[in-house]
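Trainee: Take this sequence and fold it.
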Amino acid sequence: MATPVGPTSCHTRRPNLVIAPMYKRRRILGTFLGAALAVALLPGVSLVLHSPPMELLLPVAVFLIVNQLIHTYPSSVRNAPPIALLVFGAIGVVQDTLIWLLVSWLGSDMDYGVHVDGFLAALLGGVIVRTAVFVCLALGPQTAPDPA
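Mentor: As a prediction, this is how the structure comes out:
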């Protein structure tokens with residue numbers, strides 16, 4: 001019995017299986033770093049209880065859950081055309097802005113997490129988080145393009 005050769009062979013998919021977990025880890029790291037940077041840099045984003053490591057878990061968890069459900073990242077940041085990065089970036093900033101407002105609403109109801117003063121602070125926080133995630137995704141090995 002001959003082994004299949006071509007796109008159906010399991011040997012063509014093996015590199016992507018190794019890179020996929022690293023890709024997820026970089027998204028998680030970028031999200032955590034982006035949220036921490038937004039809290040540290042923006043005057044309109046503040047912690048409710050002033051205990052940074054634990055209070056950042058709520059926004060990071062909400063970001064990761066929503067970003068996992070609504071995936072707005074290109075498969076390879078370094079190989080993506082610039083227009084795709086702009087479109088994904090714009091959609092992602094809107095998504096992250098809405099997540100910051102959701103996190104602020106959840107935090108005010110729970111007296112825990114992050115407080116966002118207004119839409120502009122949420123928008124700047126969304127830009128910071130999305131930029132940090134794109135930078136983390138651009139570092140390290142990239143997924144191989146699918147053969148046509």
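Trainee: which regions of this structure lie under the pLDDT threshold?
Mentor: Counting by pLDDT under 70, the chain shows low-confidence ranges at 1-19, 52, 142-148.
Trainee: And the strands in the protein, which stretches?
Mentor: For the chain, applying DSSP state E gives strands covering 45-47, 114-116.
Trainee: out of the ones you listed, deepest packed?
Mentor: strand 114-116 (a mean of 23; mean count of other Cβ atoms under 10 Å). In this view, the C-beta of every residue, glycine as well, is placed from N, C-alpha and C.
Trainee: neighbouring strands for it, and are they parallel or not?
Mentor: strand 45-47 (antiparallel) (DSSP bridges).
Trainee: so L56 makes contact with L37?
Mentor: No - between L56 and L37 there is no contact under Cβ atoms under 8 Å: 10.7 Å.
Trainee: returning to that earlier point: between the strands of the chain, which one is nearest to V77?
Mentor: Among the strands of the chain, strand 45-47 comes nearest to V77, with 25.3 Å by Cβ to Cβ.
Trainee: what's the closest of the strands of the chain to V135?
Mentor: Counting by Cβ to Cβ, and looking across all of the strands of the chain, nearest comes strand 45-47 at 19.3 Å.
Trainee: what does the closest one contact?
Mentor: 38-39, 55-56, 100, 113-117, 121, 125 (Cβ atoms under 8 Å, 6 or more residues apart in numbering).
Trainee: Buried subset of the residues you listed, written for ChimeraX?
Mentor: Buried subset of the contacts of strand 45-47, written as a ChimeraX selection, criterion 16 or more other Cβ atoms under 10 Å:
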select :38,39,55,56,100,113,114,115,116,121,125
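Trainee: Most widely separated two among the contacts of strand 45-47?
Mentor: The span of these, defined through Cβ to Cβ, is set by L56 and D117 at 17.6 Å.
Trainee: Fine by me, thanks again.
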